[in-house]
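1. next input, structure requested:
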Amino acid sequence: PHVFGDAAALDAKDALRQWEAEKVRERQAAGPKAAKAGRFAGVPRALPGLLRAARVSEKAAAAGFDWPDAAACEAQFHAEWQEFVAARAQGGRAAMADEMGDVLMSLANLCRHLKLDPEACIGLSVQKLQRRFGHIEQAVGSAELGQLTPAQWQARWEEAKAQEPPIRD
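-> Numbers count the residues shown, from 1 in each chain. Sure thing, here's the model as predicted:
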């Protein structure tokens, strides 16, 4: 609306808010079924989980449902983690899964506030694990991996980690 219409946006957040409001009006004009679909209708269910969480979080924030800053998101993460720990102590798998979902959602929110892509973050960590594991596998041989003690795994992991250059911005 701020680009092709008469509306003026004060900043990027205001432009996004206007865009979401226009989408709500369009869904309402399309009929009751489209209006009932709601704000998250445009977020494909087939997206990877963290990406979907980030998109849903963005849309909720655009409607005003958001934490004020990254510190509040971090506090929410710690609260969700404690709820997971409590569910784990009780041993119910369904409750643990539910609470772990909340933990991951809180991390997706924190990523959004820090302007980090959660899918990119997890992708980097997966690559790092594969790289370090590959180093250990080459150092001891695939057949010998099952023979390593936890202390040996840790020592090999630290060895692999030490061979990587430090991360710089």
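
2. helix or strand with the lowest mean pLDDT in this protein?
-> Every helix and strand of the chain was ranked by mean pLDDT, DSSP states H and E. The lowest is helix 32-37, at a mean of 65.

3. so where's the chain uncertain?
-> Counting by pLDDT under 70, the chain contains low-confidence ranges at 1-6, 16, 24, 27, 32-37.

4. so which elements touch whichever helix or strand residue 152 is part of?
-> Per DSSP states H and E: residue 152 is located in helix 150-162. Using 3 or more C-beta pairs under 8 Å, 6 or more residues apart in numbering; DSSP states H and E, the elements in contact with helix 150-162 are helix 118-140. Using the backbone N, CA and C atoms, a C-beta is placed for each residue, glycine as well.

5. what residues sit buried inside the helix it packs on?
-> By 16 or more other C-beta atoms under 10 Å, the buried positions in helix 118-140 come out as 118, 119, 122, 132, 135, 136, 137.

6. you'd agree the fifth one is up against residue 163?
-> Put plainly, it is residue 135. Yes. Here residue 135 lies in contact with residue 163, judged by C-beta atoms under 8 Å, at a distance of 6.7 Å.

7. and the residue nearest to the spatial centre of the chain, its phi and psi?
-> Closest to where the C-alpha atoms of the chain average out (C-alpha atoms, centre = their mean) is residue 108, at 2.9 Å. Main-chain dihedrals, residue 108, degrees, to the nearest 10: phi -60, psi -40.

8. spatially nearest residue to it, not counting backbone neighbours?
-> Excluding the flanking residues, the one nearest residue 108 by C-beta to C-beta, 6 or more residues apart in numbering is residue 53, at 3.7 Å.

9. show me what contacts residue 111?
-> Counting by C-beta atoms under 8 Å, 6 or more residues apart in numbering, residue 111 makes contact with 54, 117, 118, 121.

10. please enumerate residues in contact with the helix or strand hosting the first one?
-> Residue 54 belongs to helix 49-62 when assigned by DSSP H and E. Outside helix 49-62, the residues that touch it by C-beta under 8 Å, 6+ apart are 16-17, 19-20, 39-40, 42-45, 47, 66, 104-105, 108-109, 111-112, 117-119, 122.

11. the host helix or strand of residue 28 to helix 49-62, inter-axis angle?
-> Assigned by DSSP H and E, residue 28 falls within helix 12-29. Relative orientation of helix 12-29 and helix 49-62, computed by axes from the mean of the first three to the mean of the last three C-alpha atoms, to 10 degrees: 90 degrees.
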